[in-house]
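J.: I'll drop the sequence and a predicted model, then ask my questions.
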Amino acid sequence: MSTSNQSDVPGAAPTGTDAIKTERIDEHLLLIRIDRPHRRNAFDGATALAMEAALDDFEANNNLFCAIITGSQEAFSSGQDLIAAAHGDMGTSKRRGGFGIMALPPNKPVIAAVEGHALAGGLELCLSCDLIVASRTANMGIPEAARSLVAVGGGLFRLPKRIPYHLAMELALTGKSWPATRMAELGLVNRLTEPGEALTGAIELANEILKAGPLATKASKQIVQHAYDWQDEDGWQNQMEFAGPVMQSEDMQEGLRAFAEKRDPVWKNQ
């Protein structure tokens with residue numbers, strides 16, 4: 001298995017030859033594309049390892065501030081490759097877990113751009129991202145129970161935190177899938193697009209994020225992720241682990257200067 005490597009040239013052609021391909025959209029934005037059309041972008045072990053490697057590169061690169069994960073027009077991801085699973089080849093990595101992301105998502109913002117089906121592990125992959133942009137014709141669900149399987153990629157405990165409890169329970173127990181339009185009504189999907197435009201919509205959302213300070217967005221993501229873990233009395237102190245370094249940064253001073261001078265800030269990520 002080989003993993004794809006990001007280019008240092010903004011707008012460069014995609015690199016990589018296997019199931020996970022990366023492309024530098026611009027100086028600070030990375031596109032990660034799942035490319036297993038013959039398996040409806042389902043994950044086997046090699047694909048999970050390739051995703052983990054791509055995310056490791058993204059997290060380690062101080063010039064990349066945001067990433068987008070997408071699939072094809074037909075499928076974002078149909079989940080675990082069941083043919084591979086029948087031979088003991090599970091779509092997981094040792095460190096980041098399921099699909100190379102579920103147990104340990106990156107500490108920088110990640111957007112899912114969804115066309116087609118996001119089912120089973122495909123929906124759990126969406127839940128591992130921070131924001132979801134989906135086509136109006138996309139379809140989402142966790143159908144495992146209908147096959148006497150259990151969704152163990154985080155869907156059963158993450159989904160009830162994103163949509164109302166009883167509706168998450170209905171999805172979990174019936175195994176049915178719902179259209180992205182319904183998921184948007186419930187607040188799971190941030191933005192809906194016309195068919196074929198999910199990636200464009202995700203890039204637009206990413207560009208809005210990139211206008212903010214990268215240190216601040218990273219810290220803000222990490223604090224929000226603890227919203228269900230911290231009580232208010234703990235949160236005041238705990239948040240400073242993430243916010244403190246930002247408050248001492250050059251970027252914070254630049255943000256204040258840019259506001260006073262009525263100009264766009266120039267972030268250094270330091």
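T.: Done, it's in.

J.: My guess is D44 contacts S93. True?
T.: No: taking contacts as C-beta atoms under 8 Å, D44 lies outside contact range of S93: 11.3 Å. From N, CA and C alone the C-beta is placed, and that goes for glycine too.

J.: So these two - more neighbours on which side?
T.: Neighbour count, other C-beta atoms under 10 Å: between D44 and S93, S93 has more, with 26 against 23.

J.: Show the contacting residues for the more buried one.
T.: S93 sits next to G45, A48, L49, M51, E52, G100 when contact means C-beta atoms under 8 Å, 6 or more residues apart in numbering.

J.: Mind pulling the model confidence for the residue lying closest to the first one once chain neighbours are set aside?
T.: In space, and not counting its chain neighbours, G45 is closest to D89: 5.0 Å by C-beta to C-beta, 6 or more residues apart in numbering. Each residue has a pLDDT score; the one for D89 is 95.

J.: Could you check how far D89 is from A48?
T.: 10 Å (C-beta to C-beta, to the nearest Å).

J.: ok, these two, which is more surrounded?
T.: A48 (28 against 17).

J.: before we move on, back to that, can you convert the contacts of S93 into TSV and add a column each for secondary structure and distance to N63?
T.: Formatted as TSV, the contacts of S93 follow (DSSP: H, G, I helix; E, B strand; the rest coil; distance: C-beta to C-beta, whole Å):
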residue	secondary structure	distance to N63
G45	helix	30
A48	helix	26
L49	helix	24
M51	helix	21
E52	helix	20
G100	coil	22
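
J.: nearest to I132, of these?
T.: M51 (17.1 Å; C-beta to C-beta).

J.: Tell me how many other residues surround that closest one.
T.: With other C-beta under 10 Å as criterion, M51 counts 26.

J.: Would you mind confirming that it makes contact with R33?
T.: No: applying C-beta under 8 Å as the test, M51 and R33 come out as separate, 10.6 Å apart.

J.: Name the residues contacting each of those two.
T.: With C-beta under 8 Å, 6+ apart as the test, M51 and R33 both reach I20.

J.: And stretch 59-67, end to end?
T.: Between the opening and closing residues of stretch 59-67 lies a distance of 10 Å (C-alpha to C-alpha, to the nearest Å).

J.: swap in stretch 22-38?
T.: Start-to-end, stretch 22-38 (C-alpha to C-alpha) is 19 Å.
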